[in-house]
Structure formats: structure tokens, C-alpha cells
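K.L.:
I would like the atomic coordinates for the input below:
(2 chains)
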Amino acid sequence: MPDSLLFGTEVVLNGLMAGVLYALVALGFVLIYKASGIFNYAQGVMALFAAMTLYGIMVGQVPFAHLINAIFGTHIHHFGWEVPAIIAIVLTIAVMVLFAWLVQQYIFRHLVGQEPIILFMATIGLAYFLEGVADLMWGSEIKALDVGLPQGGSFWIEENTQWMGMGNENFYGFFLDQLDLIATVIAAVLVIALVAFSQYTKQGRAMRAVADDHQAALSVGINLNFIWVLVWSVAGFVALVAGIVWGSKSGVQFSLSLIALKALPVLMLGGFTSIPGAIVGGLIIGVGEKLFEFAIGPLVGGATENWFAYVLALLFLVFRPQGLFGDKIIERV
Amino acid sequence: MLDAANTNDVGVETLLEVNNIEVIYNHVILVLKGVSLNVPKGGITALLGGNGAGKTTTLKAISNLLHSERGEVTKGSVKYRGTDVHDLDPADLVRKGVIQVMEGRHCFEHLTVEENLLTGYYTRTSGKAEMQRDLELVYNYFPRLKERRKSLAGYTSGGEQQMVAIGRALMANPETILLDEPSMGLAPQLVEEIFGIVKDLNEKEGVSFLLAEQNTNVALRFAHYGYILESGRVVMDGPAADLRENPDVKEFYLGMSEEGRKSFRDVRSYRRRKRWLS
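P.N.:
Next up, the predicted model:
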């Protein structure tokens, strides 16, 4: 096989992996948007916050250490013990559930029935508040998160795809990052679980009912507060997963909150209301931007990855505003 | 006859007792100015009146759906089986057996017909077998829903949506259904069909109804007892058969008059001279 074809295939495969990561972030948006009509700007920061909390618990960092030291002139930093990853993850999930409850209890419960733009602004406030708290608690330096996920290229795949070169001397098999592969598996499991939850369980059905009509949901005896706490908890969990994967890949740092911006075109493509849409949208963007860079990039001077997704999203907004899989806008005439 | 605190039928248990309630929206807009009514067990009670008379507000004051619309009961009391329901949320009331079918159907558009019905089972904990049994019961009353069980509720017709809304309420195994304007936007034939089913449910399943309706003619044919609301007050009440024969009701709500049709202006001035409550 010729070099360019093999390289192209590898580009596609790596694009799929990157797409999975976008999809993971987009998923959190979809969950909250579907159930409460809130576009949660803070989703990216939630991923950052979750990853930071996880790191802080794992290495036994003292929360607000910098603040305490600055005020009292002490020099404390760590408790001196380390928590195994799995226990730290469970604790972090508990923190995210608590966070969900606080958000519902002190912010959105008081904003029921307000305009979407007001809800949106509340989430912007939430994003900056959360970013500030995360900074105060754990400090702003980049942290290497290691929860035991394998890193580096997968030799197994390299060895087992070598034959595909079909005599091409330059080909040593496809290079795929193990972490990306794990992320793909995690995302797949997460999506299947979420879809099963929302389609086949009582609470999932109630969640979709609330998304459709708050008043009617209230009238059949569905507890809106409970459903919203549930949704924010699930979104917090998804944020944690995204935070773990991104954090393992490139360290826990504040630019993590910016991946939220990459999730926007994914949502416009897949539709704000569709879980499978978030996944497919993520994959299309991931593959699309890598392929575009590979094929067209050299002609226009490269760096197309920065804008490709947004241009694609713009096209979708013009020709198919509900996205590929978004809810059909039901209108009876 | 004007004193609504009198029980309608002596010897019949009163389920719902609304006592002189006043409702204010947004802290300023007074909508109900002292409404009292009783809903007896096993009856169909109609709440009649024109647009803005306060029918929907009365129902929402009972089911406690007012809070989400910035409305508040500021005076009077609502009692169900003798206990005050003021501090309960709608879910508690559903568990107690009072459920509201809202005006304009309010189906969950992106859920299938069957999923819509199942949401009505949310507050119940009696298991899958009973859920299936109740679902069959609803399909018995509304065979058309069984045919359309897999289609999205948003794509069904207005009549079918009304059936979904009533069926969904039935899934909660209610004792009392607060039914708001079931005839809205439906063809006369469908209205008859829906009311026929309401009557059936009342007779065979023993469900009590409090029915808010603008269509006085149909409502009085199916109800046992009626209250007439006008700008937030009960202006008249009585057994449905009596109300049907009442000359004022005939003239204002049934559009019948011995002197033939009147122009709207004449009616207005006539009404100004002759108040029911004075």
C-alpha cells in the first residue's frame, strides 16, 4: 500500500480518538440541556474542577493551602498520605454530587421559569466561581494526574497491523495511543449506560419528561428538584471522566476549561438534545479536522485545526439548525 | 342556594373542600376573590364560566401547581379528606389521590404515547405487574391509544393527546381527577367521546371529577353538580339539572332566550342591571 494511504488511515484513526474526547465533554452539555433547558457554560470548568479535586485527594494536598499559608505564615502543603486512585475517584464522585445539590439548591431552584438567557448567565457566573475556587483550593500549577491509565503507543496494535503495509518498507504498523483507546472504551460504555438509563428506567423517563414539559411533569407528581440534582450529578460524573482522560493526557491545567469551546461545534453538529448526536458529532469533528489538516492544511499554510470545527458548525447552523440528531422541532399545523 | 358551603348531597362523603380561597399572582393580581366549593365522592362536579373567570386558577390552587406560576393562596383553605393541603407539593397530592389534567393537554411531546402513560405511574411503588395491568386498563378505555402506543405524543391528534393526558392521570390510580377544559380545540364529536369516557370512568372506576369547562352545554349534561364562576367569584351553584333549566344560565351560558337572540351590547347592559350576587 502507498505511504499516503496508510498515513491517511492513521490520521483518521487518530481523529476518531480525538473525537471521542470532544464527545465526552459534549455529553455533559447535552445531559443538562435536555433535562433543564440550561446551556451549561460551566461544563468545561466542572471537568477541570473534578480533575483537580481528584488530584488533590490522591496526593493528599491540603485544600486552600496557599491561602492558609499566606494568612497564617505557615508552610503546610500535604497531609503526608496518598489515597489510592479508586478511592479518590469515589470521593470525587461524592464531591460532584454534593456540588450538584448545591447548584440546584442555591442557584437554579430560584431561577425556575426564568428566561434561558438568564439561566445561561447564571452558568457563566458559576463557571468563573468554580474556576476561582479550584484555583484557591489546589493552586494553579499544572498537575500530572496518574490514575493508572496506560500511556504511550500501543505496541500490540503496531505489531498486529504491520501486515497491512503489504510489503511497504516504511510501514511499521499503526500508531495509536493506549490512553486514547481506553478513552474510547470508556466513552462507549458511558454512552450505552446513559442511553439505557434514559430510555429504560423510571428516573430516566422522568428526566425526559421534565425536559419536555416542566408543568406537566410537576402535575403527574415528578419531583423536579430531585430530577435536576440527578441530572447535574450525572453531568458532574461525565465531567469527571472527561477530566480524568484529558488530565492523564495533558496534565490538569486551567486550559482544560477551554475544551468546552471545542464542544460547541460538536453540539451544533450533533444537536443539543441527542446523546448519540454528541458522540457522532465529536467523531465527525475529530476526524474532519485531522483529515482537513492532512489534506488541505499544507495548501493554506496549516493550523486549520483551530478553525475547521467552527466553520463546519457554522455551515450546519445555516442548513440544519437542529443538528444531525437533534429533536425534530415538532410543530402541528 | 348561593351558599356554596352547603354540601351538595346530604349523606355523601365530601372529598375536597375549598373554603373561601383567595389567589394572588405576582403579589398584586387578585384572581380569585373567595371561591368555595365541595367535591363529593363519586360525583362529577363542573366548574363553569367564561375566559378569565378563574376556573384554571381554582384547579391549580387545589393541586398546588400555582407556585410554579408565581401564584399564591392568600386566604381560605383547601382540604382533602379533612386535611389541609396547603403545604403539600403536587407530588404529595398525587400520592394522596388528587391529580390534575392540565388545560391544553401538556403531553410530553418527545415521549411515545406509552411512555407518556408510564410517567403517570411515577409516584407509585406497586411493581411492574400492576403497572402492566393499569396500562391495559387505560388501553381498554382508550383503544385508540393502544394502536398509537409507539408514536411520539407530539405527532398525535388533539383528541388523542387529550386521551393521553387523561390516561396518564389514570395511571396514578387517582381518587379525584381535576380535569381542566377537556373540550378545548376539539371537534364536537370528539368532545362527546371524551365526556362519555369521563362518565364511564366515573361510574365504573369510581373516580371523582372536578371539571373546569367553558362548554356549559356539554358539561351540564354529564355533570351532577355545577358551580358558575364569574370574575373570581362563585355566582351560582346547584345540581346540574337545575342549572340547565335556570333562565339566567340559559341566557348567558347556553345561548337560549325566550326573546330570541340578543345583541352583545344589550346583554352587557342587562347584566349590569341584574347582578346575581347583590
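K.L.:
not counting its neighbours along the chain, what's nearest B:Gly226?
P.N.:
Residue nearest to B:Gly226 in three dimensions, not counting chain neighbours: B:Ala46, with 4.3 Å by C-beta to C-beta, 6 or more residues apart in numbering or on different chains. Any C-beta I mention is one placed from the backbone N, CA and C, and that applies to glycine too.
K.L.:
which residues are in contact with the residue of the stretch 51-200 of chain B found nearest chain A?
P.N.:
Using C-beta to the nearest C-beta, B:Val94 is the residue of the stretch 51-200 of chain B that sits closest to chain A, at 3.3 Å. By C-beta atoms under 8 Å, 6 or more residues apart in numbering or on different chains, the contact set of B:Val94 is A:220-221, B:123, B:172, B:174.
K.L.:
what about the residue nearest to B:Gly226, how many neighbours?
P.N.:
Applying other C-beta atoms under 10 Å in any protein chain shown, we find 28 residues neighbouring B:Ala46.
K.L.:
now swap in B:Lys128 and tell me
P.N.:
Close neighbours of B:Lys128, defined as other C-beta under 10 Å, add up to 8.
K.L.:
who in chain A is up against chain B?
P.N.:
Within chain A, the positions adjacent to chain B are A:112-113, A:202, A:205-206, A:208-209, A:211-223, A:327, A:330, A:332 by C-beta under 8 Å from any C-beta of the partner chain.
K.L.:
tell me which of these fall in helices.
P.N.:
Among the residues of chain A next to chain B, DSSP state H puts A:202, A:205-206, A:208-209, A:211-212, A:214-219 in helices.
K.L.:
neighbour-wise, give me the winner out of the residues you listed.
P.N.:
Counting neighbours by other C-beta under 10 Å, A:Ser219 comes out on top of these with 30 neighbours.
K.L.:
pretty sure it contacts B:Lys60?
P.N.:
No - in this structure, A:Ser219 is not within contact of B:Lys60 by C-beta atoms under 8 Å, at 9.2 Å.
K.L.:
where does chain B have low pLDDT?
P.N.:
Along chain B, the parts satisfying pLDDT under 70 run over B:1-11, B:255, B:257-278.
K.L.:
all strands of it, in order?
P.N.:
Under the criterion DSSP state E, strands of chain B are mapped to B:14-25, B:29-40, B:44-48, B:71-80, B:83-84, B:98-101, B:176-180, B:208-213, B:225-230, B:233-239.
K.L.:
got it, and the stretch 1-150 of chain A?
P.N.:
For the stretch 1-150 of chain A, applying DSSP state E, counting those that start in this stretch gives no strands.
K.L.:
how about low-confidence regions in it?
P.N.:
For the stretch 1-150 of chain A, the stretches with pLDDT under 70 are A:1, A:113.
K.L.:
what residues of the helix or strand harbouring A:Leu267 count as buried?
P.N.:
Using DSSP states H and E, the element containing A:Leu267 is helix A:259-270. Across helix A:259-270, burial judged by 16 or more other C-beta atoms under 10 Å in any protein chain shown covers A:259-260, A:262-270.
K.L.:
closest to chain B out of the residues you listed?
P.N.:
Nearest to chain B among the buried residues of helix A:259-270 is A:Gly270, at 16.3 Å by C-beta to the nearest C-beta.
K.L.:
so what's the residue count around residue 140?
P.N.:
Since no chain was named, I'll use chain A. Residues near A:Ser140, counting by other C-beta under 10 Å: 13.
K.L.:
actually chain B
P.N.:
11.
K.L.:
give the contact list for it.
P.N.:
If you count contacts by C-beta under 8 Å, 6+ apart, B:Asn140 has none.
K.L.:
go again using 10 Å as the cut-off
P.N.:
By C-beta atoms under 10 Å, 6 or more residues apart in numbering or on different chains, the residues touching B:Asn140 are B:146, B:200, B:204.
K.L.:
now, of the residues you listed, which are buried?
P.N.:
Neighbour counting with 16+ other C-beta under 10 Å marks none of the contacts of B:Asn140 as buried.
K.L.:
as a markdown table, the residues you listed with distance to A:Gly277 would be great.
P.N.:
Below are the contacts of B:Asn140 laid out as a markdown table (distance: C-beta to C-beta, whole Å):
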| residue | distance to A:Gly277 |
| --- | --- |
| B:Lys146 | 31 |
| B:Asp200 | 43 |
| B:Lys204 | 45 |
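K.L.:
which one is A:His75 nearest to, not counting chain neighbours?
P.N.:
A:Asn69 (6.1 Å).
K.L.:
that neighbour and A:Leu130, how far apart?
P.N.:
As for A:Asn69, its distance to A:Leu130 is 22 Å (criterion: C-beta to C-beta, to the nearest Å).
K.L.:
who has more neighbours, these two?
P.N.:
For A:Asn69 and A:Leu130, the more surrounded residue by other C-beta under 10 Å is A:Leu130, and the numbers stand at 21 against 14.
K.L.:
separation between the residue nearest to the more buried one when sequence neighbours are not counted and chain B?
P.N.:
Distance criterion C-beta to C-beta, 6+ apart; nearest residue to A:Leu130, sequence neighbours excluded, is A:Val45 at 4.7 Å. A:Val45 is 29 Å from chain B, where distance means C-beta to the nearest C-beta, to the nearest Å.
K.L.:
A:Val45 reaches A:Ala242, doesn't it?
P.N.:
No - counting by C-beta atoms under 10 Å, A:Val45 stays clear of A:Ala242, with 11.5 Å between them.
K.L.:
just give me the neighbour total for A:Val311.
P.N.:
12.
K.L.:
for the residue nearest to A:His75, what are its contacts?
P.N.:
Applying C-beta under 10 Å, 6+ apart, we find A:Asn69 in contact with A:62, A:75-77.
K.L.:
put the alpha carbons of stretch B:60-78 into PDB.
P.N.:
What follows is stretch B:60-78, C-alpha atoms only, in PDB (Å, rounded to 0.1, in the frame of the first residue of the first chain):
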ATOM      1  CA  LYS B  60     -54.200  24.900  40.300                       C
ATOM      2  CA  ALA B  61     -54.800  26.200  43.800                       C
ATOM      3  CA  ILE B  62     -56.100  22.800  44.700                       C
ATOM      4  CA  SER B  63     -53.300  20.800  43.000                       C
ATOM      5  CA  ASN B  64     -50.700  23.300  44.300                       C
ATOM      6  CA  LEU B  65     -49.400  23.900  40.800                       C
ATOM      7  CA  LEU B  66     -49.700  27.600  41.400                       C
ATOM      8  CA  HIS B  67     -46.300  28.000  43.000                       C
ATOM      9  CA  SER B  68     -44.500  27.400  39.700                       C
ATOM     10  CA  GLU B  69     -46.500  30.300  38.200                       C
ATOM     11  CA  ARG B  70     -45.900  32.800  41.000                       C
ATOM     12  CA  GLY B  71     -49.400  32.400  42.300                       C
ATOM     13  CA  GLU B  72     -50.300  32.100  45.900                       C
ATOM     14  CA  VAL B  73     -53.300  31.200  48.000                       C
ATOM     15  CA  THR B  74     -53.500  34.100  50.500                       C
ATOM     16  CA  LYS B  75     -56.800  33.400  52.200                       C
ATOM     17  CA  GLY B  76     -59.100  30.400  52.900                       C
ATOM     18  CA  SER B  77     -58.200  26.800  52.900                       C
ATOM     19  CA  VAL B  78     -58.300  23.700  50.700                       C
END
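K.L.:
no further queries at this time; thank you.
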